[in-house]
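Chemist: my questions concern the predicted model and sequence given below.
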Amino acid sequence: MKIKFAVVGSGRIGLRHARMIELNQDAELVALIDIDESIHEEIKKEHNVPVFADLSSFFSSGIEVDVVNVCTPNYLHASQSIEAINNDCHVV
C-alpha cells in the first residue's frame, strides 16, 4: 500500500517535494494545490494529478490522502497544517 501525498504550494520547493514523492516507489502523489490558477494546466500535465486552488477544495473532492506537504510561505504554514490535521492527515 502506497502512502498518498498532496503538496500545497507549487513553487520551487513544492515541485521538488512532488518530484521526490514521484520517485519513491512507496509513495503516490495524488494532488497539487496552488492559489495561482495560471499554472494549473502546466503542473497538471507535468505531474498528471489534479490541481486545486486551495485546501478546502481539495478536501471537498474526496481524494484519499495520508500526508499533506506544506510548501507555501511560512506565514501560511500554521493555518494550512491545522486544516490538514483537522482532515485526519499527517503534515510535513
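Modeler: The structure has been received and is ready for your questions.
Chemist: from the centre of this structure, point out the most distant residue.
Modeler: Most distant residue from the mean C-alpha position of the chain: residue 1, 18.9 Å away (Cα atoms, centre = their mean).
Chemist: against residue 87, how distant is that one?
Modeler: Computed as Cβ to Cβ, to the nearest Å, the residue 1 to residue 87 distance reads 19 Å. No exception for glycine: its C-beta is placed from N, CA and C like everyone else's.
Chemist: how many residues are close by residue 74?
Modeler: If you count neighbours by other Cβ atoms under 10 Å, residue 74 ends up with 7.
Chemist: also the one 5 residues further on?
Modeler: Taking other Cβ under 10 Å as the neighbour definition, residue 79 ends up with a count of 12.
Chemist: buried ones in the strand or helix carrying it?
Modeler: Using DSSP states H and E, residue 79 falls within helix 74-86. For helix 74-86, burial by neighbour count (16 or more other Cβ atoms under 10 Å) applies to 80-81, 83-84.
Chemist: which one of the residues you listed is nearest residue 29?
Modeler: Using Cβ to Cβ, residue 84 is the member of these that lies nearest residue 29, at 15.4 Å.
Chemist: distance of that closest one relative to residue 21?
Modeler: Using Cβ to Cβ, which is the criterion applied here, residue 84 is 15 Å from residue 21.
Chemist: for residue 14, helix, strand, or coil?
Modeler: helix (DSSP: H, G, I helix; E, B strand; the rest coil).
Chemist: wait, it touches residue 8, no?
Modeler: Yes. Using Cβ atoms under 8 Å, residue 14 is in contact with residue 8, at 7.1 Å.
Chemist: those two: which has the busier surroundings?
Modeler: Legend: neighbour count by other Cβ under 10 Å for residue 14 and residue 8, higher for residue 8 (27 against 20).
Chemist: look up which residues are beta-bridged to that one.
Modeler: residue 33, residue 70 (DSSP bridges).
Chemist: for it, give me its contacts.
Modeler: Residue 8 sits next to 14, 33-34, 55, 68-72, 80 when contact means Cβ atoms under 8 Å, 6 or more residues apart in numbering.
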